[in-house]
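> task: produce atomic coordinates for the following.
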Amino acid sequence: MKGMNELVRQAQVMQKKMAKLQEELQERTIEGSAGGGMVTAVVSGANELKSIAIDKTVVDPNDVEMLQDLVLAAVNDGLKKAKAMMEEEMGQLTGGIKMPGLF
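As a prediction, the model looks like this:
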């Protein structure tokens, strides 16, 4: 019985650490880019788009589709990097064990 109580206590400690880490990661930002840095998107660990920067040289009224593609690519790059950051940090905390529903 004593071993079970210790296991439950360790699980509770791990749960608190994971909740704190998730909170911290949601505040972090990561930058994605496209077009060699001509379009950059800043994304939070909570997968929220924080800002977009577009170099004026890629703004061509005759080629709006290219600009749309660059924006989309930059945002997706940022989201991909944010997900990787979450997985890496959580993996360090859990010792590499995948926890369904956490990331």
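> all strands for the chain, in order.
If you assign secondary structure with DSSP state E, the strands in the chain sit at 29-34, 39-44, 49-54.
> helices along the protein, start to end?
Assigned helices in the chain, in chain order: 2-27, 64-94 (criterion: DSSP state H).
> which one of those lies closest to residue 58?
Go through the helices of the chain one by one with C-beta to C-beta and the one that ends up closest to residue 58 is helix 64-94, at 5.8 Å. C-beta here means a position set from N, CA and C on the backbone, and glycine is covered the same way.
> poorly predicted segments of the protein, please.
Filtered on pLDDT under 70, the chain yields the residue ranges 1, 96-103.
> still on that earlier bit, show me which of the strands of the chain has the highest average neighbour count.
Mean neighbours per residue, mean count of other C-beta atoms under 10 Å, is largest over the strands of the chain for strand 39-44, with a mean of 22.
> next, the angle from that strand to strand 49-54.
Interaxial angle, strand 39-44 versus strand 49-54 (axes from the mean of the first three to the mean of the last three C-alpha atoms, to 10 degrees): 170 degrees.
> quick one: strands adjacent to strand 39-44?
Applying DSSP bridges, strand 39-44 is found paired with strand 29-34 (antiparallel), strand 49-54 (antiparallel).
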